[in-house]
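Asks: model this:
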Amino acid sequence: MIAFLCYNYYRKECGKVKKKVFSSLILMMFLFFIVGCDVKKENVTPNESTKSGPSVVVYFSATGTTKTVAERIAKASNSEIIEIIPKEKYTSADLDYNSDCRANREQNDSKSRPLIENTIDISKYDTIYLGYPIWWGTIPKIILTLIDTYDFTGKTIIPFCTSGGSGISGSVDDLRKYNSNLIINDGKRFSLSDSDEVIREFVGVNMNEEVKNIKAFINGKEYIINLEDNETAKKFIEFLPLELNMSELNGNEKYANLDKTLPENSANPGRINAGDVMLYGDDCLVIFYKSFDTTYSYTKIGHIDNLPDLGNGSVNVKFEN
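Replies: Next up is the predicted model:
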């Protein structure tokens, strides 16, 4: 009976916090409206993304062919798009492969790194569709300039190319050799005649390569969380890496309130199983370490197999991909 009263007290306290936060948000919105009326919008430089999102298409196109494909991929994947603009534009003479043209000289020079004119902000994206034409069977050297200039740590690169005949595998291998720390999918070669279905299939295959499990280090010991196939689990992955001090409750669970909300689709599971990782409401993360029947509703995020009794007191939990 005491445990039940504590449990309900904890749920009520969560609700009080949410009401305070909501009131603060209303006040902030009112102040923003007053102040914002006198703020002028900044000029936006072309080719610089202004919205955050999980994915972006970054491409280099000398003749416009790759640009066309890039725009179609951006539309199909609901991604932002940024063009790599060379400081010195490529002319038709620069691309005359039957002569001692600029492109030939660059591709034959291992140290060549053509300068990029615009700033390319990839910091807020996890997935980067990287597009380029195939030159001499591989990537144009300006792509190496991009790799050298910006931090791709932890980002997934999905390459695509346009080519009159060469495939993409050689350029992907060269990228992986150039920087072994890059996370690069196999990618695909496109032509202008490819259908919308081909574009959608390419996007779908890569977007469906979703994380099926993540790691949880509980007091330093590693466990695997097998994720549910739902929007809550997918959104939770975007929060990672995440470290929480999770409090004890009722002798069967550890919980912590998140700084951000998650999409919830709560339902009463009837029974909680030891190892279940649940969301209570839209911002309370719970790890259950004992099994019991319940009348409360949750959204399931995943499950930890063979989770032991975590004992009394709070625990430190680090969540990682």
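Asks: now do the phi/psi pair for R105.
Replies: Torsion angles at R105 (phi, psi; degrees, to the nearest 10) stand at phi -60, psi -40.
Asks: find me the pLDDT at it, would you?
Replies: What the model reports as pLDDT for R105 is 95.
Asks: need the contact list for R102.
Replies: Under the criterion of C-beta atoms under 8 Å, 6 or more residues apart in numbering, the contact list for R102 reads 90, 93-95. C-beta here means a position set from N, CA and C on the backbone, and glycine is covered the same way.
Asks: let's see it at 6 Å
Replies: D94 (C-beta atoms under 6 Å, 6 or more residues apart in numbering).
Asks: and what of F288?
Replies: By C-beta under 6 Å, 6+ apart, the contact set of F288 is 253, 272, 276.
Asks: look up phi and psi at the first one.
Replies: Spelled out, it's E253. Summarising the backbone geometry of E253 under the convention degrees, to the nearest 10, its torsions are phi -150, psi 160.
Asks: also the last one?
Replies: Taking degrees, to the nearest 10, you get phi -70, psi 140 for the backbone angles of D276.
Asks: same question for the second one.
Replies: Backbone geometry at I272, expressed as degrees, to the nearest 10, gives phi -90, psi 130.
Asks: how's this protein carved up into domains?
Replies: Domain assignment for the chain, taken from automatic domain parsing, gives 55-207, 212-320.
Asks: pLDDT on the shortest one, on average?
Replies: Summarised as a single mean, pLDDT over domain 212-320 is 94.
Asks: end to end on it, go ahead and measure it.
Replies: Across domain 212-320, the terminal residues are separated by 12 Å (C-alpha to C-alpha, to the nearest Å).
Asks: now the helices for the stretch 151-300 of the chain?
Replies: Read by DSSP state H, counting those that start in this stretch, the stretch 151-300 of the chain holds these helices, from start to end of the chain: 169-178, 196-207, 231-238.
Asks: lowest average pLDDT across those helices?
Replies: Out of these, the stretch the model trusts least by mean pLDDT is helix 196-207, with a mean of 79.
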